[in-house]
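Colleague: Please find the sequence and the predicted model below.
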Amino acid sequence: MTSLKDKEVAVAPKDDNEAVIEINDVSKKFCRDLKRSLFYGVTDIATELTGGSRRSDTLRTKEFWALKDVSFKLRKGEALGLVGSNGAGKSTLLRIISGLIKPDTGSIKIKGRVAPLIALGAGFNPILSGRENIYANMSILGLSTQQIRERFDEVVEFAEIAEAIDAPVQTYSSGMAARLGFACAVHIEPDILLIDEVLAVGDIKFKMKCHRKLAEIRKKGTAFILVSHNSHSILNVCESSVYLRKGQLITYGETESVIRRYEEDLCLSGTDNALGQMVLSPKPKAESNGLDILSLSFKDPQGNTLDNLWSGESAYFCAECQAHEDIDGANLGMLITSLSGEMGLVLYITSNSDNNLLSINKGRSEIQMHMPYCTLTPGIYSAKIYIRKGVYSFDIVDSFRFTVKSNRTVSRCLFYQPREWAVVSK
Ligand SMILES: Nc1ncnc2c1ncn2[C@@H]1O[C@H](COP(=O)(O)OP(=O)(O)OP(=O)(O)O)[C@@H](O)[C@H]1O
């Protein structure tokens with residue numbers, strides 16, 4: 001059994017009296033086969049009714065662990081990110097915390113009121129109006145009718161749906177339903193807020209409003225768990241994070257290191273090449289367009305291959321190639337896309353736009369691009385590399401993946417600014 005102390009815990013220990021959620025070795029199993037699942041459900045109920053005990057720590061045929069021995073704590077006012085690929089167990093964990101399903105083993109201690117924002121418009125009845133849903137939803141979350149009446153106008157104003165408040169929720173757009181769900185959840189002033197990708201919906205103005213509101217209720221002591229596939233949201237909001245893979249807790253601790261580990265795993269899956277190095281198999285002459293890229297890598301100024309780039313450090317991008325003839329006027333292009341978050345294309349460099357048309361001799365050579373400072377912030381990137389002459393394309397590599405690391409805290413920024421400091425006496 002894996003316990004919390006075996007994991008990579010990097011968060012500074014805090015006062016445990018402040019813990020609003022304590023999850024200890026929680027496991028949950030599911031069965032993929034519906035018929036069997038129903039059969040297991042009925043036999044479990046029968047066993048419990050007849051006073052027998054069932055072994056819930058073992059798997060029966062076709063069962064699997066959606067969560068296995070997960071432990072962590074959430075403290076008052078803390079924001080915790082929950083990351084992992086599809087099917088990692090994030091929603092299952094949120095459903096367990098919100099009390100929708102019970103774990104098979106382990107224990108959960110919760111202090112205070114939990115507001116789950118688990119699915120868009122969750123808890124809303126589509127045929128009821130927005131007004132009726134506000135009353136229904138907020139009373140389920142623990143508010144009295146009087147309290148709801150007092151907060152009603154604020155909720156409607158926050159959700160910006162005053163004109164549609166008496167229309168059935170099924171006529172709302174997904175953005176409107178999300179806004180209403182968010183407004184209800186934050187206005188009950190919960191002790192714990194569970195947010196599952198909800199902030200991904202809505203326009204930028206509303207997203208910013210949500211973030212401001214979250215910061216406001218957090219100051220008052222609300223703790224929250226944020227699930228998102230967007231690393232930048234998690235990095236910007238959460239100081240600690242949990243990384244789940246196939247139901248296992250892989251890392252728990254300070255957000256930056258958890259996100260890096262998660263992204264590295266994501267990017268390494270499905271590739272034989274180490275990050276930052278790529279060796280391509282030689283092409284038969286019949287398939288070659290006259291020049292073939294043989295390998296791609298980054299090197300330090302001494303010519304040693306780098307496993308990753310460092311923000312602010314010097315590096316050389318090297319493309320080794322094989323030309324079948326002498327070539328003049330070649331142009332190397334590099335389109336760098338961030339695989340972290342939703343930034344997309346971050347840098348587009350071509351030797352042509354730098355007034356550097358390349359002359360490549362027949363045989364093997366290495367094209368080098370020197371970067372005096374790497375201005376990319378820590379994260380995982382993918383570069384598309386091409387070598388062309390005019391519109392004629394010699395060779396293209398679609399995805400050369402590499403990581404950028406840093407000795408300083410710069411991952412929450414969009415780029416690295418090289419700098420030096422001085423104090424000048426006057
Ligand atoms: N009621 C259920 N019955 C059977 N299997 C289930 C059930 N609910 C979830 N699962 C399975 O449990 C695993 C974890 O699912 P979960 O929804 O928690 O993942 P997730 O990390 O939230 O994924 P995503 O990022 O895609 O939302 C998945 O393999 C899923 O198919």
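Modeller: Noted; the coordinates are in hand.
Colleague: now the helices for the stretch 51-200 of the chain?
Modeller: Using DSSP state H, counting those that start in this stretch, the helices of the stretch 51-200 of the chain run over residues 90-97, 130-140, 145-159, 174-187.
Colleague: hey, C-alpha coordinates of the second one in PDB?
Modeller: What it means is helix 130-140. What follows is helix 130-140, C-alpha atoms only, in PDB (Å, rounded to 0.1, in the frame of the first residue of the first chain):
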ATOM      1  CA  GLY A 130     -33.400  29.900 -13.900                       C
ATOM      2  CA  ARG A 131     -35.100  31.400 -10.900                       C
ATOM      3  CA  GLU A 132     -36.500  28.100  -9.700                       C
ATOM      4  CA  ASN A 133     -33.200  26.400 -10.200                       C
ATOM      5  CA  ILE A 134     -31.400  29.000  -8.100                       C
ATOM      6  CA  TYR A 135     -33.700  28.200  -5.200                       C
ATOM      7  CA  ALA A 136     -33.500  24.400  -5.800                       C
ATOM      8  CA  ASN A 137     -29.700  24.300  -6.300                       C
ATOM      9  CA  MET A 138     -28.800  26.600  -3.400                       C
ATOM     10  CA  SER A 139     -31.100  24.900  -0.900                       C
ATOM     11  CA  ILE A 140     -29.500  21.500  -1.800                       C
END
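Colleague: For it, which outside residues touch it?
Modeller: The set of residues external to helix 130-140 that reach it, using Cβ atoms under 8 Å, 6 or more residues apart in numbering, is 123-125, 128, 145, 147-148, 151-152, 155-156, 159, 161, 164-167, 169, 172, 180-181, 184, 187-188. (Glycine included, C-beta is placed from N, CA and C.)
Colleague: Just say which of the helices of the stretch 51-200 of the chain is most tucked in.
Modeller: Ranked by mean neighbour count under mean count of other Cβ atoms under 10 Å, those are led by helix 174-187, which reaches a mean of 23.
Colleague: and the angle for it with helix 130-140?
Modeller: Interaxial angle, helix 174-187 versus helix 130-140 (axes from the mean of the first three to the mean of the last three Cα atoms, to 10 degrees): 40 degrees.
Colleague: residue nearest the centroid of this structure?
Modeller: In the chain, the centroid-proximal residue (Cα atoms, centre = their mean) is His229; its distance is 3.3 Å.
Colleague: Residues contacting stretch 398-407, please?
Modeller: Identification of contacts with stretch 398-407 by Cβ under 8 Å, 6+ apart yields 260, 263-264, 267, 271, 273, 275-276, 278, 296, 298, 307-312, 339, 374, 376-385, 416.
Colleague: Which ChimeraX command selects the buried ones in the residues you listed?
Modeller: In ChimeraX syntax, the buried subset of those is picked out as below (16 or more other Cβ atoms under 10 Å):
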select :260,263,267,275,276,278,296,298,308,309,310,311,312,339,374,376,377,378,379,380,381,383,384,385,416
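Colleague: So which of the contacts of stretch 398-407 belong to strands?
Modeller: Residues of the contacts of stretch 398-407 located in strands (DSSP state E): 278, 296, 298, 309-310, 379-385.
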